[in-house]
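Enquirer: predicted model, plus sequence, below.
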Amino acid sequence: MTKYGAFPGTRPRRLRTTPAMRRMVAETRLHPADLILPAFVREGVSEPVPIGAMPGVVQHTRDSLKKAAAEAVEAGVSGIMLFGVPEEGKKDGRGSAGTDPDGILQVALRDVRAEVGDDLLVMSDLCLDEYTDHGHCGVLDAEGRIDNDATLERYAEMAQVQAEAGAHVVGPSGMMDGQIGVIREALDRIGRQDVAILAYTAKYASAFYGPFREAVGSSLRGDRKTYQQDPANLRESLRELALDLEEGADMVMVKPAGPYLDVLARVADAVDVPVVAYQISGEYAMVEAAAEKGWIDRDRAILETLTGIKRAGARTILTYWATEVARKL
Ligand code: PBG
């Protein structure tokens with residue numbers, strides 16, 4: 001008895017007493033189907049190539065990618081998002097390898113579809129940065145500036161070759177104005193009304209993409225601040241959201257995830273389409289690096305980040321830990 005009698009009369013701690021109690025009252029549960037695995041496939045290699053800044057993640061060979069896709073199915077993951085890494089000599093100003101039916105991403109899409117059929121949602125990154133020699137997500141004009149509308153024509157063509165190669169879903173990640181509308185029209189024009197668009201709707205110019213640049217062997221000249229969003233802005237994301245939906249987005253994405261949970265929550269409140277979050281390379285690298293130093297408990301930290309992203313409103317999460325986490329759930 002305290003000197004205040006029965007105070008406190010309300011004791012929230014009663015709902016935290018045992019693991020069984022905590023499990024019963026949990027408001028957010030992760031499920032393997034909540035997860036999508038982003039994966040890199042590199043042209044012309046016979047062994048998977050480790051990515052230094054992403055311990056545990058590799059640039060796949062065609063064969064090891066098929067195996068990773070099969071493992072993702074086995075673990076119950078719902079999708080795989082593919083990124084192509086062409087041979088260095090194949091990069092040029094317009095990102096030609098991105099629209100070559102025999103370009104590495106298209107080859108990988110066919111491989112993975114042959115392996116998993118419809119058991120896994122096969123998605124493709126629809127962007128030029130993996131294929132341009134200057135590393136930008138678009139083509140440049142004579143002054144070296146991003147040419148938005150010329151880039152849209154390249155995206156339309158990319159959408160068509162990716163759909164023909166077997167993508168169930170295309171993921172335009174270049175943040176060009178009008179990209180969703182142009183891609184929808186391009187897909188419909190070749191009779192691919194069935195292919196869905198996962199729009200990278202709120203994509204911020206983030207320092208946390210650093211390890212990805214190594215993963216796709218991109219040497220970006222300059223930065224992406226004229227097309228990706230300023231981290232300071234939230235309202236701007238709602239504007240991008242309205243435009244993407246108007247242009248025909250089937251699903252919308254917020255990226256990165258961890259530093260933008262407020263954006264994710266606002267987007268999730270505002271729409272009735274599925275909302276996806278991308279836990280990006282730098283978010284992955286931070287946890288792995290701190291864990292390697294023994295500074296945090298790796299497994300707990302991973303689950304905590306994913307739970308936070310789902311709690312904030314994500315229906316589905318792209319994460320490099322997808323298969324590993326799905327197996328443990
Ligand atoms: C663009 C693209 C990027 C990522 C996914 N798609 C890089 C960028 O915008 O600079 C980053 C993913 C990650 O960091 O994990 N093709």
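Expert: Now that the structure is in, tell me what you want to look at.
Enquirer: only C-alpha atoms for contact and neighbour calcs from this point on.
Expert: Will do.
Enquirer: that's a helix at residue 64, yeah?
Expert: Yes: counting by DSSP: H, G, I helix; E, B strand; the rest coil, residue 64 is found in a helix.
Enquirer: spit out the contact partners of it.
Expert: residue 48 (C-alpha atoms under 8 Å, 6 or more residues apart in numbering).
Enquirer: distance check, it against residue 197.
Expert: According to C-alpha to C-alpha, to the nearest Å, residue 64 and residue 197 sit 27 Å apart.
Enquirer: then residue 161?
Expert: From residue 161 across to residue 197, the span is 14 Å (C-alpha to C-alpha).
Enquirer: compare the two (neighbour count), which wins?
Expert: Per other C-alpha atoms under 10 Å, whichever of residue 161 and residue 197 has more neighbours is residue 197, with 25 against 21.
Enquirer: that one against residue 169, yeah?
Expert: Yes: assessed by C-alpha atoms under 8 Å, residue 197 is found in contact with residue 169 at 5.6 Å.
Enquirer: any residues of the stretch 51-200 of the chain in contact with the ligand? List them.
Expert: 127, 129, 173 (C-alpha under 6 Å from any ligand atom).
Enquirer: where does the prediction get shaky in this protein?
Expert: Applying pLDDT under 70 to the chain picks out residues 1-5.
Enquirer: now with 80?
Expert: For the chain, the stretches with pLDDT under 80 are 1-6.
Enquirer: run through who's touching the helix ranked longest in it.
Expert: Using DSSP state H, we find that the single longest helix of the chain is helix 148-165. Under the criterion C-alpha under 8 Å, 6+ apart, residues 94, 98-101, 105-107, 109-110, 124, 126-128, 138-139, 169-170, 176-179, 182-183, 186-187, 190, 192, 195 lie in contact with helix 148-165.
Enquirer: ok, the residue of the stretch 1-150 of the chain found nearest the ligand - contacts?
Expert: For the stretch 1-150 of the chain and the ligand, the shortest gap (C-alpha to the nearest ligand atom) falls at residue 127, measuring 4.9 Å. For residue 127, the contact set (C-alpha under 8 Å, 6+ apart) comprises 137-138, 155, 172-174.
Enquirer: apply 6 Å and report the result again.
Expert: 137, 173-174 (C-alpha atoms under 6 Å, 6 or more residues apart in numbering).
Enquirer: how about the helices in the stretch 201-329 of the chain?
Expert: Assigned by DSSP state H, counting those that start in this stretch, the helices in the stretch 201-329 of the chain fall at 210-215, 235-247, 261-270, 281-292, 298-312, 322-328.
Enquirer: which one of the ones you listed lies nearest to residue 74?
Expert: Ranking these by proximity to residue 74 (C-alpha to C-alpha) places helix 322-328 first, at 8.6 Å.
Enquirer: and that closest one, what's buried?
Expert: Applying a neighbour-count criterion of 16 or more other C-alpha atoms under 10 Å, the buried positions in helix 322-328 are 322-323, 325-326.
Enquirer: from the contact counts, what lies against it?
Expert: Counting contacts by 3 or more C-alpha pairs under 6 Å, 6 or more residues apart in numbering; DSSP states H and E, helix 322-328 packs against helix 62-75.
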